[in-house]
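A.B. asks: Dropping the sequence and predicted coords here.
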Amino acid sequence: MADEDALDRALAIARAYIASRGDRPVWPTTTLDQLRAALGGPLPASPIDSTTVIDALARAAEPGLVETSGPRYFGFVTGGALPAAVAAEWLTAAWDQNAGLFVMSPAGAVVEEVAGVWLRDLLGVPASSSVGFVTGCHMANFTALAAARHEMLRRAGWDVEADGLQGAPSLRVIVGDEVHVSVMAALRYLGIGMSQVERVDVDGQGRMQPEALATALSSGLASGGPTIVCAQAGNVNTGAFDPFETIVDLAHVHEAWVHVDGAFGLWAAASPTLKHHLAGAERADSWATDAHKWLNVPYDSGLVFVAHPAAHRAAMSFSAAYLMRSGDQPREAMDWTPESSRRARGFAIYAALRSLGRSGVAEMIERCCRLARRFADRLRAEPSIRILNDVVINQVLVRVEPPGSDAGAADAATRDALKRVQDERVCWLGGTRWHGMDAMRISVSNWSTTDEDVDRSADSLIRAVRESVL
């Protein structure tokens, strides 16, 4: 009964927390020392009743929770958590399935198989592509680029899994100058140093310039080296999309692999009105995205797709005598991810997709974009606010520029306004640097955000700006 009592208590606490999200301050008021005091202390010498532990944990932790799942959190392109996905995640924890092998969880394997079919269709990647369920876009980029490394070196006559990188043909990687840090980190994990990565020019919104890519690709013809081109769907600051049609054409003429980092922007493919931003991306060789961003499933949940399943599997799979595979030859999840033991992430994704359906996913994506435009329109009317980006999807880049101020004064006013709006705790948005300027970054990614939430948040930001320029 103690275990059941603890589950009942956790359910009651969770229900109360979810019900309060719309009214809670978005950023916590507790201090680091207070959290350490509430949660710390020596390890108990004896067992403690489970219900008592859950009560104490919730009471100590809740003051330090950031309301990332609420409707007015606009930082880090963080989605919320759909009701069906939260409920499925609770079941996933209770079921405690290891999703590495079919024999460890037939249901976990099949739900990923089904969700994978739905996802490929929804995101416009080829139906024949392989799919892996990983922690996030960082690991999705790593997995896709591992497949790219395998395939490009294989074409050059080198088996990287058998022979490593010492003595391997030089591998060229070309990225836009606004490449996301997770791509660079993934390359580093794969043995490709930062000085080996070639950056090409981007335009004022962060889009890769095709002419610069063409020059970079042509300059490598003499060496004949295997090449990977990393393109971007959704610049982390502006939301801009690289011109995929031209990029893919250029890269494939030079027999290069094209990888699309689409942590949040790839979800625009699910919208009939937004998918034009991704025209040509369907002809790439690999894609990475996050489900815990715009699909609004709980953390952690990333997705990788590879148009060359043999390369994907060769880069990821391994075997051992004790890892017994099913005689039915189902899809084995550990063939497509860097992990063997892992959480059964497919259940929450399956629940989210089934609860929304095709039209629901499209409506959620389009609504977030509409709300981002509403946010920008509200702020643009304030004389001291400048919107730095073209609001093409869900990103709004904001700078405070008091009349007559120089760049330094505008930077200071922007930082001050950001602190003020964060301190007021009506909403939360983060700071960034964009083309040498301080800015505030608004990401509208939550399924539950409403017009009223945007207006309340815009009012808070406008108050902060007016106070900062007095």
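C.D. replies: Arrived safely.

A.B. asks: Who are the contact partners of Trp434?
C.D. replies: Going by C-beta atoms under 8 Å, 6 or more residues apart in numbering, Trp434 touches Asn237, Thr238, Leu388, Leu397, Arg399. Any C-beta I mention is one placed from the backbone N, CA and C, and that applies to glycine too.

A.B. asks: Tell me which two of those sit farthest apart.
C.D. replies: Distances among those were taken as C-beta to C-beta; the most separated pair is Thr238 and Arg399, at 12.5 Å.

A.B. asks: So for those two, which residue has more residues nearby?
C.D. replies: Thr238 (23 against 19; other C-beta atoms under 10 Å).

A.B. asks: Scan the helices and strands of the protein for the one with the lowest mean pLDDT.
C.D. replies: helix 2-20 (a mean of 90; mean pLDDT, DSSP states H and E).

A.B. asks: list the helices and strands the helix or strand encompassing Asp55 packs on?
C.D. replies: If you go by DSSP states H and E, Asp55 is part of helix 50-61. On a contact count with 3 or more C-beta pairs under 8 Å, 6 or more residues apart in numbering; DSSP states H and E, helix 50-61 meets helix 2-20, helix 32-39.

A.B. asks: Let me know the next secondary structure element after it.
C.D. replies: Downstream of helix 50-61, the first helix or strand assigned by DSSP H and E is helix 83-95.

A.B. asks: Please identify the buried residues of that next one?
C.D. replies: Ala84, Ala85, Val86, Ala88, Glu89, Trp90, Thr92 (16 or more other C-beta atoms under 10 Å).

A.B. asks: Tell me which other helices or strands that helix touches.
C.D. replies: Under the contact definition 3+ C-beta pairs under 8 Å, 6+ apart, helix 83-95 sits against helix 346-380.

A.B. asks: same for the helix it packs on, what does it pack against?
C.D. replies: Here helix 346-380 touches helix 83-95, helix 106-123, strand 385-387, strand 395-400, helix 451-468, going by 3+ C-beta pairs under 8 Å, 6+ apart.

A.B. asks: what's the most buried one of these?
C.D. replies: strand 395-400 (a mean of 26; mean count of other C-beta atoms under 10 Å).

A.B. asks: tilt between whatever helix or strand comes next after that one and helix 451-468?
C.D. replies: Per DSSP H and E, the first helix or strand lying C-terminal to strand 395-400 is helix 407-424. Interaxial angle, helix 407-424 versus helix 451-468 (axes from the mean of the first three to the mean of the last three C-alpha atoms, to 10 degrees): 130 degrees.

A.B. asks: orientation of helix 407-424 relative to strand 395-400 in degrees?
C.D. replies: 120 degrees.

A.B. asks: Could you export helix 407-424 as PDB, CA atoms only?
C.D. replies: Extracted C-alpha coordinates of helix 407-424, given in PDB (Å, rounded to 0.1, in the frame of the first residue of the first chain):
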ATOM      1  CA  ALA A 407      25.300  51.100 -30.000                       C
ATOM      2  CA  GLY A 408      26.700  50.900 -26.500                       C
ATOM      3  CA  ALA A 409      23.800  52.600 -25.000                       C
ATOM      4  CA  ALA A 410      21.300  50.400 -26.900                       C
ATOM      5  CA  ASP A 411      23.200  47.300 -25.700                       C
ATOM      6  CA  ALA A 412      22.900  48.500 -22.100                       C
ATOM      7  CA  ALA A 413      19.200  49.400 -22.400                       C
ATOM      8  CA  THR A 414      18.500  46.000 -23.900                       C
ATOM      9  CA  ARG A 415      20.300  44.200 -21.100                       C
ATOM     10  CA  ASP A 416      18.500  46.300 -18.500                       C
ATOM     11  CA  ALA A 417      15.100  45.700 -20.100                       C
ATOM     12  CA  LEU A 418      15.700  42.000 -20.200                       C
ATOM     13  CA  LYS A 419      16.600  41.900 -16.500                       C
ATOM     14  CA  ARG A 420      13.500  43.900 -15.600                       C
ATOM     15  CA  VAL A 421      11.100  41.700 -17.600                       C
ATOM     16  CA  GLN A 422      12.700  38.600 -16.100                       C
ATOM     17  CA  ASP A 423      12.500  40.000 -12.600                       C
ATOM     18  CA  GLU A 424       8.800  40.800 -13.000                       C
END
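
A.B. asks: Since that was my last question, I'll sign off now.
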